[in-house]
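A.B. asks: Starting from these lines, generate the structure:
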Amino acid sequence: MTAISPPDDSLYAALTPREFDVMHYVAVGTPNKVIAAELGVSQRTIEAHRARIFQKMRVRNAVELARCVLQRPPESLSPPLSRHVPAHRSCKGQMILRS
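C.D. replies: This is a model prediction of the structure:
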């Protein structure tokens, strides 16, 4: 199994604001259909966003994306991720609580 390195800030900077929002929903396991309904777009649009996010973040699936986001959260957590993720373990295994 290959270790997934935490993303650097340039990977987050490459995302559009909409991709950033979609990334948070995907990272917490929200289905495409639900993301589409909440954002008011088609399911196909979400699928296209996911594909671009995976490419830009250099991951192959949603599990790798979630692991990257949790290992090194972006500077500004938007409500979708911060609402669903009250705490996570740092790369060294220490529990980090979110306020």
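A.B. asks: Can you find the helix or strand in this protein with the smallest mean pLDDT?
C.D. replies: Of all helical and strand segments in the chain, the minimum by mean pLDDT, DSSP states H and E falls on strand 87-89, at a mean of 41.
A.B. asks: Distance-wise, check Arg52 relative to Ile46.
C.D. replies: 11 Å (Cβ to Cβ, to the nearest Å). To be clear about C-beta, it is placed using only N, CA and C from the backbone, and glycine gets the same treatment.
A.B. asks: Neighbour count: these two, which is higher?
C.D. replies: More crowded of Arg52 and Ile46, by other Cβ atoms under 10 Å: Ile46, with 24 against 16.
A.B. asks: In contact with that one, which residues are there?
C.D. replies: If a contact means Cβ atoms under 8 Å, 6 or more residues apart in numbering, then Ile46 has Val22, Asn32, Ile35, Ala36, Leu39 as its contacts.
A.B. asks: which of those residues tops the neighbour count?
C.D. replies: The member of the contacts of Ile46 that has the most neighbours, counting by other Cβ under 10 Å, is Val22 with 26 neighbours.
A.B. asks: Surely it forms part of a helix?
C.D. replies: Yes. Secondary structure assignment places Val22 in a helix (DSSP: H, G, I helix; E, B strand; the rest coil).
A.B. asks: In this structure it contacts His49, no?
C.D. replies: Yes. Judged on Cβ atoms under 8 Å, Val22 makes contact with His49 at a distance of 4.4 Å.
A.B. asks: Look through this protein and tell me its longest helix.
C.D. replies: Among the elements of the chain assigned as helix by DSSP state H, the one spanning the most residues is helix 43-57.
A.B. asks: Look up phi and psi at Pro31.
C.D. replies: When quoted as degrees, to the nearest 10, the phi and psi of Pro31 stand at phi -60, psi 150.
A.B. asks: hang on, the earlier thing: and the contacts of Ile46, which is closest to Arg67?
C.D. replies: Val22 (17.1 Å; Cβ to Cβ).
A.B. asks: No further questions, thank you.
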